[in-house]
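Novice: A predicted structure for the sequence below; I have some questions about it.
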Amino acid sequence: MRIYEGPIRRLCAAYASGADGEDLFQDVFLAVWRALPAFRGDSSERTWLYRIAHNVALTWQTRDRRRRSRETALDDDVRAAGDMNLRNLALNQAIAAMSPGNRTLTLLWLEGLSGAEIEDVTGIKAATVAVRLSRIRKQLSPVEVTV
Amino acid sequence: MNNEDALRAMWTSSQPATSEVLLATIDAVLDEDRAAREKDRLVRLAALTAMALLCPALLWFAAHGKTPLVRGGYALMALGASLMLFAEWMHRTWSRQALPGPADARSQLQKTALSLSRQASLFRTAALWCAPIFVGAALIGAWIYQERSHAGAYLLWASIGAGWLISAVTGRSKGKKLDTRQSKIEQLLSDLR
């Protein structure tokens, strides 16, 4: 879990920020904790963990709970970050503006998963993943060119 | 390094992990899990104790009641209590099934949507499967009206009516909330196609 803390924290921050992000991180950890006895090594540890994390994040945002909108949270991020890397912020904003499906694909792609691994995590065919990622990369090109 | 690799490198270098936060989170999660398991155990124990006391008592009254009206009333209440326990068991099973697990996202969302739809139907029909308890109690009220006091019977009927109405309204409202969640999940599913 310690190895995957970074990727999961980044995932949680992409879906929620501040205290909400912490709540989501705890929900992910709890789901992993509960699912751990059922892990038999049929899939890789990494894709298994990403499956749980993304499933929790996706269902988390459908729950009926009072929370600040992601847009408001981003404004807070800007204030809190101070001299935070503006390109990083632009990337975060671009991800936050995406549809949940595209956001999931983007986060997995940014974490370095292959098309087959993304298919394993999301259930979307690798060919479809490739087409959608190509469109997403076009959306992200303004951020890319500044890198 | 091309732009895509640079973008990935920028992303993975952001929000560095801190082990203090991880350890605090692990503690919080384990505490939460322990508390949830304990609460679950207590609720199950309380429900089983209540049923162990209530059902035999209701069945005894159903067998030895003074009149057919009273016996019928208690029999219906015993049936209603059993139905409520069964509904609670189904609700808990579907809630567990709806919890996110290690399936791929589409299969998980489909499973969650199905569980939510079943739970919503269960809540929407709460007034129906609670009916035996309320009808049984109303029959006892009819006996009180005939044999004891009119005021007592009116009071009991009014309470039964209020209880039935509350269960129907609460059930519909909870069903509506679950429907909203299900439609959000359906939207997510269509977005993942």
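Specialist: Everything's here; your move.

Novice: how far away from the center of its chain is the helix or strand harbouring residue A:88?
Specialist: Secondary structure assignment for residue A:88, by DSSP states H and E: helix A:86-96. Here the centre of helix A:86-96 is set off from its chain's centre by 13 Å, with CA atoms, centre = their mean, to the nearest Å.

Novice: just the CA trace of the helix or strand following it, in CSV.
Specialist: As assigned by DSSP H and E, the chain's next helix or strand after helix A:86-96 is helix A:100-110. Output in CSV follows, covering the C-alpha atoms of helix A:100-110 (Å, rounded to 0.1, in the frame of the first residue of the first chain):
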residue,chain,number,x,y,z
PRO,A,100,-15.8,10.9,-15.3
GLY,A,101,-15.0,8.3,-18.0
ASN,A,102,-12.4,10.4,-19.7
ARG,A,103,-11.0,11.4,-16.3
THR,A,104,-10.5,7.8,-15.3
LEU,A,105,-8.8,7.0,-18.6
THR,A,106,-6.5,10.1,-18.3
LEU,A,107,-5.5,9.3,-14.7
LEU,A,108,-4.6,5.7,-15.6
TRP,A,109,-2.7,6.9,-18.7
LEU,A,110,-0.8,9.5,-16.7
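
Novice: show me what the helix holding residue A:88 packs onto, helices and strands only.
Specialist: In terms of contacts (3 or more CB pairs under 8 Å, 6 or more residues apart in numbering or on different chains; DSSP states H and E), helix A:86-96 is packed against helix A:5-15, helix A:70-81, helix A:100-110, helix A:141-146, helix B:3-13. C-beta: built from backbone N, CA, C; applies to glycine.

Novice: out of those helices, flag the one nearest residue B:164.
Specialist: Proximity to residue B:164, assessed across the helices and strands packed on helix A:86-96 by CB to CB, is greatest for helix A:100-110 (40.3 Å).

Novice: any part of that closest one near chain B?
Specialist: Yes. Contact of helix A:100-110 with chain B (CB under 8 Å from any CB of the partner chain) involves A:100, A:101, A:102, A:104, A:109, A:110.

Novice: ok and that helix relative to helix B:3-13, angle-wise?
Specialist: Orientation note: helix A:100-110 sits at an angle of 90 degrees relative to helix B:3-13 (axes from the mean of the first three to the mean of the last three CA atoms, to 10 degrees).

Novice: does residue B:83 really touch residue B:132, like I thought?
Specialist: Yes. Using CB atoms under 8 Å, residue B:83 is in contact with residue B:132, at 6.4 Å.

Novice: between those two, who's got more neighbours?
Specialist: Shown here are residue B:83 and residue B:132; by other CB atoms under 10 Å in any protein chain shown, residue B:132 has more neighbours (19 against 16).

Novice: could I get the pLDDT score of that one?
Specialist: Listed pLDDT for residue B:132 reads 95.

Novice: check which helix or strand covers it.
Specialist: Element membership of residue B:132, judged by DSSP H and E, is helix B:131-147.

Novice: could you check the angle the next helix or strand after that helix makes with helix B:131-147?
Specialist: Downstream of helix B:131-147, the next assigned helix or strand under DSSP H and E is helix B:150-191. Per the same axes, to 10 degrees, the angle that helix B:150-191 makes with helix B:131-147 is 170 degrees.

Novice: give the rounded mean pLDDT of helix B:150-191.
Specialist: The average pLDDT within helix B:150-191 is 94.

Novice: so which elements touch it?
Specialist: Taking 3+ CB pairs under 8 Å, 6+ apart as contact, the helices and strands that helix B:150-191 lies on are helix A:100-110, helix B:105-124, helix B:126-129, helix B:131-147.

Novice: in chain A, which residue sits closest to chain B?
Specialist: Minimum separation of chain A from chain B (CB to the nearest CB) falls at residue A:123, amounting to 3.3 Å.

Novice: that residue reaches residue B:111, doesn't it?
Specialist: No. Applying CB under 8 Å as the test, residue A:123 and residue B:111 come out as separate, 11.4 Å apart.

Novice: could I get the helices and strands packed on helix B:150-191 as CSV with distance to residue B:28?
Specialist: Listed next are the helices and strands packed on helix B:150-191 as CSV, based on distance: least, CB to CB, whole Å:
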stretch, distance to residue B:28
helix A:100-110, 24
helix B:105-124, 24
helix B:126-129, 35
helix B:131-147, 40
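
Novice: and of those helices, who's closest to residue B:46?
Specialist: Of all the helices and strands packed on helix B:150-191, it is helix B:131-147 that lies closest to residue B:46, at 18.1 Å by CB to CB.

Novice: show me what that closest one is packed against.
Specialist: Judged by 3+ CB pairs under 8 Å, 6+ apart, helix B:131-147 is in contact with helix B:68-97, helix B:150-191.
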